[in-house]
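Undergrad: After the sequence you'll find the predicted model.
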Amino acid sequence: MLSHTFVTRLLVSLLVFGAISAFAGAALGIVANGAGVPLSYLAGTPFASFVVPGVILGVVVGGTQLASAIALLARRRAALILATIAGFGMVIWVFAELAILTEYSWLQALYFALGALQLIGVLGLLGVAPKLVEAPRQRMVRPGIGARPAARTDPREPEPDGMDVAELPG
């Protein structure tokens, strides 16, 4: 069983890799017009050059990958939603390439696997695959103004003050 922290760090790493790759691919598409990839690959597509696909790759795919990695690191509430969008964005990008382009590359399989792994990581963090990822540990909040103890996950655990629920006067 993998720890919640490990899966989060792995997901962030996958997202950062996806963002860097998408930005690099976008730069090659925009600046170098495909960097040696023949324009014949675009035959029959609505694109005359690699510039527009490069912009889409950088802004949509790379942008969502980077935004979700930052959100996960900042522990934002919408982080898993963004990571889901980023994972599906990567998978949809590959499907669009397969549907539009006349040539295939091993990179398409690699980036499809990357998007699929991102989605599996999100499912694990959501608790959909409980045997894959253990639940995050609950922390006790120290008493203070407006502070309450963290919720108990197991009713058999003793109360924080040492009194068991069964021992409370009836």
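TA: Perfect, thanks for sending it.
Undergrad: And the longest helix along the chain, what's buried?
TA: Ranked by residue count and defined by DSSP state H, the top helix of the chain is helix 4-31. The neighbour-count check on helix 4-31 (16 or more other Cβ atoms under 10 Å) flags 7-8, 11-12, 14-16, 18-19, 21-23, 25-26, 28-30 as buried. All C-beta atoms are positioned from the backbone trio N, CA, C, and that covers glycine.
Undergrad: elements contacting it?
TA: helix 51-56, helix 63-73, helix 79-100, helix 106-126 (3 or more Cβ pairs under 8 Å, 6 or more residues apart in numbering; DSSP states H and E).
Undergrad: Mean neighbour count added to those, as JSON lines?
TA: Shown next, in JSON lines, are those (neighbours: other Cβ atoms under 10 Å):
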{"stretch": "helix 51-56", "mean neighbour count": "18"}
{"stretch": "helix 63-73", "mean neighbour count": "21"}
{"stretch": "helix 79-100", "mean neighbour count": "19"}
{"stretch": "helix 106-126", "mean neighbour count": "17"}
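Undergrad: is it true that residue 61 touches residue 90?
TA: Yes - the pair residue 61 / residue 90 is scored as a contact, 6.2 Å apart, by Cβ atoms under 8 Å.
Undergrad: which residues are common contacts for these two?
TA: residue 18 (Cβ atoms under 8 Å, 6 or more residues apart in numbering).
Undergrad: wait, what's in contact with the residue nearest the centre of the chain?
TA: Centroid-nearest residue in the chain, with Cα atoms, centre = their mean: residue 83, separated by 3.2 Å. By Cβ under 8 Å, 6+ apart, the residues touching residue 83 are 11, 15, 68, 71, 72, 118, 121, 122.
Undergrad: what's the closest of these to residue 109?
TA: Nearest to residue 109 among the contacts of residue 83: residue 118, at 15.2 Å, using Cβ to Cβ.
Undergrad: so where is this structure shaky, pLDDT-wise?
TA: When residues are selected by pLDDT under 70, those of the chain lie in 130, 138-170.
Undergrad: which outside residues touch stretch 100-118?
TA: 11, 14-15, 17-18, 21, 40-45, 83, 86-91, 93-94, 97-98.
Undergrad: now stretch 48-58
TA: Counting by Cβ under 8 Å, 6+ apart, 22-23, 25-30, 33-34, 37, 39, 42, 47, 93 sit against stretch 48-58.
Undergrad: Greatest separation within those residues: which pair is it?
TA: So, the contacts of stretch 48-58 by Cβ to Cβ: farthest apart are 23 and 39, at 22.1 Å.
Undergrad: Roughly how far does residue 9 sit from residue 3?
TA: With distances taken as Cβ to Cβ, to the nearest Å, residue 9 is found 9 Å from residue 3.
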